[in-house]
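Peer 1: pasting a predicted model and its sequence here:
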Amino acid sequence: MQKKLDESNRPRFHFTPEKNWMNDPNGLVFHKGEYHLFYQHNPLGNKWGHMSWGHAVSTDLLNWEHLDVAITEGADGAIFSGSAVSNGDEITAIYTRHTEANQSQCIATSKDNGRTFTKYEGNPVLDLAMANFRDPKVFRYADYWIMAVVKPHQHVCSFYKSTDLIKWEFLSEFGPTAAVGGVWECPDLFPLSYNGEEFWVLLISINPGAINNGTGTQYFIGDFDGVSFTPKYSTTDPRWLDFGRDNYAGVTFNNEPKGRRIFIGWMSNWQGAVRHPETSWTNAMTIPRILGLTKMGDEIVITQQPICEPTYEIVIDATKKHPSGLTGFVELGYNPVSKKIFINDYETDVEPINQQVHLKVIIDRTSVELYTDDGTRWITMAVFSEPEVTRELTNFG
Ligand code: FRU
């Protein structure tokens, strides 16, 4: 039975660990011809624990080669989420070392393209003697490094600066604001341009306190001047990256060679990860998505376009008086009465264009990702139907 489930339930083109538990994507970096995907991993079982960094590489972000565990839990603590930078010939990983009493930021360096890492003997490199202080995202800014890192329970993202990845100088803090009904985790900060103008995007994952009080990711559009992040719009109401329940802790690649901003999220959530069937691996990543900006009304908003072709593409006549779309192991589409697109109970507002709603759908063995053609609205859901249930959908409405 185990084998049957494994073979027939495993996603075909979404990333899954070769075996055992996975949560957040970590250390997304392009280095010497390879995209590296590290991830929160339990090397010893298919439930959360013994956190270490699993590792895979790819040249196209769709076909992944599994490699040995990159950074392993030590006597000094577990290896929580973080990022990686390409630094000359080396990859440096910046992660949170976790113990019951303390979370601090540590580094480890690889001189062999990420195959082996050596923890820095001077670790930790940033320690505030706090029990919750985690998930450093480090990136290059001008001629120094910036770290975005969160104090989860205070709903604060702090920014630090370094020239050597070892000595970190405090710059500023952002928050609390917008959604604060759960812990803030896994920040990311990066520039994107719209019509030649540069904007900075801050991603903050929150658990719970997102859509339907689940896990989710909010984003802020603003400006970063090398010291502090200033949002461009009111932050009273959160802006969600995804209106589904299964896109959490997502971050973007450093050093992407074509200058694209590529995002991967954990396609699960902390409320429902327990729903996963007993397979030899647990959980998948979202499809990698290229982020961009567009204007909706008066506001600049994020767009996401997948790096694969959609499974289905549907254009819905918005003048109908009833919902229509695709049905089968899930039901998805557009409801002209509520003016919302939906997958089962998850939904979000969409304004028709020329009385039409243009939707695209990506289906794999354990997931459905529904998005508007312009990439402004996404609903991501993990779905674990029995292996024999078809994943094909038919039109309704
Ligand atoms: C987010 C998170 C991070 C933490 C990691 C532990 O899902 O809780 O904040 O570093 O998972 O596995």
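Peer 2: Looks like it came in fine.
Peer 1: say whether the ligand is contacted by stretch 65-83.
Peer 2: Yes. If you take CB under 6 Å from any ligand atom as the test, stretch 65-83 does meet the ligand, through Phe80, Ser81. (Each C-beta comes from the backbone N, C-alpha and C, glycine too.)
Peer 1: who's in contact with the residue nearest to the spatial centre of the chain?
Peer 2: In the chain, the residue lying closest to the centroid (CA atoms, centre = their mean) is Gly250, at 1.2 Å. For Gly250, the contacting residues are Pro25, Cys186, Asp188, Leu203, Ser205, Thr217, Leu241, Phe263, Ile264, Gly265, Trp266, Thr286, by CB atoms under 8 Å, 6 or more residues apart in numbering.
Peer 1: burial check on the nearest residue to it once chain neighbours are set aside, number of neighbours?
Peer 2: Nearest-residue entry for Gly250: Gly265, 2.9 Å, with adjacent residues in sequence omitted and distances by CB to CB, 6 or more residues apart in numbering. By other CB atoms under 10 Å, 28 other residues sit near Gly265.
Peer 1: just the one 3 residues further on next, same as before
Peer 2: If you count neighbours by other CB under 10 Å, Ser268 ends up with 29.
Peer 1: what pLDDT, on average, does stretch 135-152 get?
Peer 2: Computed over stretch 135-152, the mean pLDDT rounds to 98.
Peer 1: measure how far it is from the centre of its chain, please.
Peer 2: The gap between where stretch 135-152 is centred and where its chain is centred comes out at 17 Å by CA atoms, centre = their mean, to the nearest Å.
Peer 1: strands of the stretch 151-300 of the chain, residue ranges please.
Peer 2: Applying DSSP state E, counting those that start in this stretch to the stretch 151-300 of the chain gives strands spanning 156-162, 169-174, 183-194, 197-207, 216-224, 229-231, 248-252, 262-266, 281-282, 289-296, 299-306.
Peer 1: among these, which is nearest Gln356?
Peer 2: Closest to Gln356 of those is strand 289-296 (CB to CB; 16.9 Å).
Peer 1: and the helix or strand Glu369 falls within, how far out from the chain's middle?
Peer 2: Glu369 belongs to strand 367-372 when assigned by DSSP states H and E. Distance, stretch centre to chain centre, for strand 367-372: 15 Å (CA atoms, centre = their mean).
Peer 1: helix or strand right after that strand?
Peer 2: strand 378-382.
Peer 1: quick one, that next one and strand 248-252 angle?
Peer 2: When axes from the mean of the first three to the mean of the last three CA atoms, to 10 degrees is applied, the directions of strand 378-382 and strand 248-252 differ by 120 degrees.
Peer 1: other SSEs contacting the very next helix or strand once past strand 378-382?
Peer 2: Later in the chain than strand 378-382, the nearest helix or strand by DSSP H and E is strand 394-396. The contact analysis (3 or more CB pairs under 8 Å, 6 or more residues apart in numbering; DSSP states H and E) places strand 394-396 against strand 324-327.
Peer 1: ok, now which ones touch whatever residue of the stretch 151-300 of the chain ends up closest to the ligand?
Peer 2: In the stretch 151-300 of the chain, the residue that lies nearest the ligand is Glu185 (3.6 Å; CB to the nearest ligand atom). By CB under 8 Å, 6+ apart, the contact list for Glu185 reads Ser81, Arg134, Asp135, Val150, Pro152, Ile204, Ser205, Ile206, Asn207, Ala249.
Peer 1: hmm, 7 Å instead?
Peer 2: Asp135, Val150, Pro152, Ser205, Asn207, Ala249 (CB atoms under 7 Å, 6 or more residues apart in numbering).
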